[in-house]
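> structure of the sequence below:
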Amino acid sequence: MSKELMSKGPHVPTEKRALSRLQRAVELQDLELLPGTLGVQGVPRYLVTYMNSQTANDAMRSATVVSVTNQSEFANLVTVTFYKGFSDDTPGSAVGTATFSIPPQFTVDFASRRLPGVLTVTNAVPAPELVFDEGRAIVWSRRPEVGVSARVYYTAGDGDERLHVITDSKVVVYGGRNSGD
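Residues are numbered from 1 along each chain as shown. Here you go, the predicted model:
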C-alpha cells in the first residue's frame, strides 16, 4: 500500500513539508485504506443529506464525493456509509462502506464510485462501487475533530469523460437539526 500511496499523482503533495508528513504517516501506518468489512468503528458525526451514484446510461451519470479533513492531532479512523433513501441508519443497512485511517491535517475523498483523476482524486471507494443508488451518507469517526464537505458530480460518457455540473450536498451534524439554509 505504501508504494501506491507514494507514487506520483494528484493525491501526493508537492510541498516538501507536506510530502515529508505523508511519508512519515505511511511509515507509521497512520494513513491507510482499510477494507469495508471491518465494520463501522466510531460515532456518527455528520449526515450528508443527498447522495446519488448512477451509471445506467452514458448521457447522465453521477457520483457522490465526501471530503473529510482530520483536524485532530492524532490519526483518525473515518468511515463513510452510503444508504438508499428508504433504509435506516444502521451500518448493516448501508449499500456501501469505505474506511480510511487519516493522519492529522490530511484530507481524504470518499466516493460512491471511482471518477477520473482529472475530475477529482478518490481515495476510498466502497466495494462494490455504487452504480444505481440514491439516498444519503453518514460520516463516522473515532475522534470528533473532522471537517466534512460533500458534492455530487454529474457526468456523461462511459468513462465519465464529460462533466455536466457539480452540486454541493448539505452536510449537517448527525442527529441535529437542519437550520434550513
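> quick check: the closest residue to residue 93 other than its chain neighbours vs residue 127, distance?
Spatial nearest neighbour of residue 93, chain neighbours left out: residue 87 (4.4 Å); criterion: Cβ to Cβ, 6 or more residues apart in numbering. Where C-beta positions appear, they are placed from N, C-alpha and C, glycine not excepted. Distance, residue 87 to residue 127, using Cβ to Cβ, to the nearest Å: 19 Å.
> could I get the pLDDT score of the spatially most central residue of the chain?
Nearest residue to the geometric centre of the chain (Cα atoms, centre = their mean): residue 110, 1.3 Å. According to the prediction, residue 110 has pLDDT 97.
> tell me the secondary structure at it.
Counting by DSSP: H, G, I helix; E, B strand; the rest coil, the backbone at residue 110 sits in strand.
> report the buried residues of stretch 91-110.
Within stretch 91-110, the residues that qualify as buried are 94-104, 106, 108-110, counting by 16 or more other Cβ atoms under 10 Å.
> correction: stretch 66-82
Buried, per 16+ other Cβ under 10 Å, within stretch 66-82: 66-70, 72, 75-82.
> quick one: end-to-end distance for stretch 112-128.
9 Å (Cα to Cα, to the nearest Å).
> all helices for the chain, in order.
Using DSSP state H, the helices found in the chain span residues 2-6, 16-27.
> lowest-confidence stretch among those helices?
helix 2-6 (a mean of 51).
> got a list of what residue 112 touches?
51-53, 63-65, 82, 96, 125-126, 129-130, 133, 137 (Cβ atoms under 8 Å, 6 or more residues apart in numbering).
> before we move on, back to that, in strands, which of the buried residues of stretch 91-110 fall?
If you go by DSSP state E, these have 96-102, 108-110 in strands.
> isn't residue 162 up against residue 156?
Yes. Using Cβ atoms under 8 Å, residue 162 makes contact with residue 156 at a distance of 4.2 Å.
> could you measure from residue 55 over to residue 128?
Remark: distance between residue 55 and residue 128 (Cβ to Cβ) = 12 Å.
> many thanks, we can stop here.
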